[in-house]
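> Everything below, folded, please.
(chains A and B)
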2 protein chains.
Amino acid sequence: MSAKKQEPKIVSTTESQPEGFKWVRLKKIDWEDETGKKRVWEAAERCTRAKSGVDAVAIIALLDHPSKPLSTVILEQYRPPIENTVIELPAGLVDEGETPEEAAVRELIEETGYGGDGEGAGTATVEDISPILVSDPGMTNANMRLCTVRVKLSESDPEPKQKLDEGEHIVKRIVEVKELYNVLQEYDRKGFTIDARLAHWAMGWHMATRSNKE
Amino acid sequence: MSAKKQEPKIVSTTESQPEGFKWVRLKKIDWEDETGKKRVWEAAERCTRAKSGVDAVAIIALLDHPSKPLSTVILEQYRPPIENTVIELPAGLVDEGETPEEAAVRELIEETGYGGDGEGAGTATVEDISPILVSDPGMTNANMRLCTVRVKLSESDPEPKQKLDEGEHIVKRIVEVKELYNVLQEYDRKGFTIDARLAHWAMGWHMATRSNKE
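Here you go, the predicted model:
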């Protein structure tokens, strides 16, 4: 363990946003490390953070059907920064004045139909909301919460319809939770790109299941 | 499901790096969506990607001791972009000429001592390497692979020493895997920030365990 002489601290930050950008900016951070040494770090950040302090929320939907295996919903969505279609959890930015739980249920309804008022939407209950999580803390301050939402379905419920905004092109897929790890591997083989947070959740589930069998 | 008229495509990209920045830059992406509509996306990216195409690797170490419960190693590390100490998996950038597996074992040794040649280092075996995963695909092209490394320990092995680079101040903590979810909650209550990928792995494990008991 390293000898910690002081708490590291930020000395000053300088934002830099080139002409024509409005959603993201860069930031130069002057800070002092644990030994008092002056250092510089470069980061990127979103310009859209709501007063709640949370950029985004992602949703693990647990589809609880009387006679089908526990399932979840994942999305196929084209992401320009990746130049590819990415397999992700339902997610979205938190709007001003919204709680993360409200944003989670709203995004789940929009992107999957579950939890809404249409046929087959079931009844959504927020089961767990994570602390604030940072998605890539060496590079950006981008943060999120993960919300687990249980959706109670009835025997004859049809698959509900998405309520996408104009210009949103998102394909949803229902996957048995115990098959999620394999389904992601298969998406990778087909040339899709996988979101790290979804993959880590699936990997954690997979390892727990495997570990129980050992 | 939305009617997909064409594959979305990138028309052109323009990089923008303000004076004085060298590690990160911004990018304006002109693209055409599924309906042929011209749209613009703003993203950030690292300037350091190795030829392998992978920015970074993170490691789930499975510490396999003859008489102790299955454990893993997590790190406490100050992250200037977050202005706080973040709880993370061992991880690091992939160097030029290195495979992700080599980078994973190298970083595990440096940050935790496990897998090295010191006392108590055990014997490390790469058990699983994920596909390329994207950490925050709406905002950056940053990517990584998750490497699961089993470390076989002997009964009397002491905790191995880290081999940190000059200027690295990283505190490691050994945690029973089945306690990981609770330990992260406790870190949050104490004012630390949690990495999203670590939290998603822990959440997946926690849900699988809970689901088995239902």
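> residues touching A:A124, list them.
A:61, A:105, A:108, A:114-115, A:149-151 (C-beta atoms under 8 Å, 6 or more residues apart in numbering or on different chains). Every C-beta, even on glycine, is put in place using the N, C-alpha and C of the backbone.
> Going by distance to chain B, which of those residues wins?
Nearest to chain B among those, counting by C-beta to the nearest C-beta, is A:R150 at 10.8 Å.
> Compute the number of surrounding residues for that closest one.
When neighbours are defined as other C-beta atoms under 10 Å in any protein chain shown, A:R150 has 18 of them.
> List the buried residues in whichever strand or helix holds it.
Here A:R150, judged by DSSP states H and E, is contained in strand A:143-152. For strand A:143-152, a neighbour-count test (16 or more other C-beta atoms under 10 Å in any protein chain shown) marks A:143-151 as buried.
> so which pair among those is furthest apart in space?
Taking C-beta to C-beta as the measure, the buried residues of strand A:143-152 span a maximum distance of 25.5 Å, between A:N143 and A:V151.
> quick check: mean pLDDT across the helix or strand that the strand holding A:R150 is followed by?
Later in the chain than strand A:143-152, the nearest helix or strand by DSSP H and E is strand A:170-176. The average pLDDT for strand A:170-176 rounds to 96.
> One more: stretch A:192-209?
pLDDT averaged over stretch A:192-209 gives 97.
> helices or strands next to the top helix by length along chain A in the packing?
Using DSSP state H to define each element, chain A has its longest helix at helix A:196-213. In this structure, helix A:196-213 makes packing contacts with strand A:143-152, helix A:180-189, strand B:56-64, strand B:133-134, strand B:143-152, helix B:196-213, judged by 3 or more C-beta pairs under 8 Å, 6 or more residues apart in numbering or on different chains; DSSP states H and E.
> May I see the buried residues of that helix?
Neighbour-count burial for helix A:196-213, counted by 16+ other C-beta under 10 Å, picks out A:196-209.
> same deal with stretch A:126-144?
So for stretch A:126-144, counting by 16+ other C-beta under 10 Å, buried means A:126, A:128, A:130-144.
> centre of the chain versus that stretch, how much separation?
Averaging C-alpha positions (C-alpha atoms, centre = their mean, to the nearest Å) puts stretch A:126-144 8 Å from its chain's average.
> okay, how far is it across stretch A:125-140, tip to tip?
31 Å (C-alpha to C-alpha, to the nearest Å).
> before we move on, back to that, what is the nearest of the contacts of A:A124 to A:D188?
Distances from A:D188 to these, taken by C-beta to C-beta, are shortest for A:A61, at 22.0 Å.
> Am I right that the closest one is in contact with A:Y114?
Yes: A:A61 is within contact range of A:Y114, at 5.7 Å (criterion: C-beta atoms under 8 Å).
> which regions of chain A lie under the pLDDT threshold?
Scanning chain A for pLDDT under 70 picks out the ranges A:1-4, A:212-214.
> In it, which residue sits closest to chain B?
A:G204 (2.8 Å).
> dump the residue contacts of that residue.
Contacts for A:G204 (C-beta under 8 Å, 6+ apart) come out as B:200-206, B:208.
> now A:T48, what's its secondary structure?
Using DSSP: H, G, I helix; E, B strand; the rest coil, the structure places A:T48 in coil.
> Cross-check the contact I'm expecting between it and A:A56.
No: taking contacts as C-beta under 8 Å, A:T48 lies outside contact range of A:A56: 9.5 Å.
> quick one: contacts for the residue nearest the centre of chain A?
Among the residues of chain A, the one closest to the centroid is A:A58, at 3.6 Å (C-alpha atoms, centre = their mean). Going by C-beta under 8 Å, 6+ apart, A:A58 touches A:88-91, A:104, A:144-147, A:197.
> Of those residues, which pair is most distant in space?
Most distant of those, by C-beta to C-beta, are A:E88 and A:R145, 15.3 Å apart.
> could I get the helices and strands packed on helix A:196-213 as a markdown table with distance to B:V73?
Converted to a markdown table, the helices and strands packed on helix A:196-213 look like this (distance: least, C-beta to C-beta, whole Å):
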| stretch | distance to B:V73 |
| --- | --- |
| strand A:143-152 | 22 |
| helix A:180-189 | 22 |
| strand B:56-64 | 5 |
| strand B:133-134 | 20 |
| strand B:143-152 | 9 |
| helix B:196-213 | 11 |
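> Tell me which of these lies nearest to B:D30.
strand B:133-134 (20.4 Å).
> hmm, who's touching the closest one?
Strand B:133-134 has contacts (C-beta under 8 Å, 6+ apart) with A:79, A:82, A:86, A:193-196, A:199-200, B:141-146.
> so what strands line up beside that strand?
Here strand B:133-134 is paired, per DSSP bridges, with strand A:193-195 (parallel), strand B:143-152 (antiparallel).
> Of all those, which one is nearest B:E176?
Closest among the strands paired with strand B:133-134, once you apply C-beta to C-beta, is strand B:143-152, at 14.5 Å.
> The closest one vs helix B:196-213, what angle?
Relative orientation of strand B:143-152 versus helix B:196-213 (axes from the mean of the first three to the mean of the last three C-alpha atoms, to 10 degrees): 60 degrees.
> A:M144 is in contact with B:A196, isn't it?
Yes: in this structure A:M144 lies within contact range of B:A196 using C-beta under 8 Å: 6.1 Å.
> what residues are shared contacts of the two?
If you check A:M144 and B:A196 against C-beta under 8 Å, 6+ apart, the residues they both contact are A:133, A:135, A:197.
> Name the nearest residue to the last one, sequence neighbours excluded.
If I follow you right, that is A:R197. By the measure of C-beta to C-beta, 6 or more residues apart in numbering or on different chains, the closest residue to A:R197 outside its immediate chain neighbours is B:H200, 4.6 Å from it.
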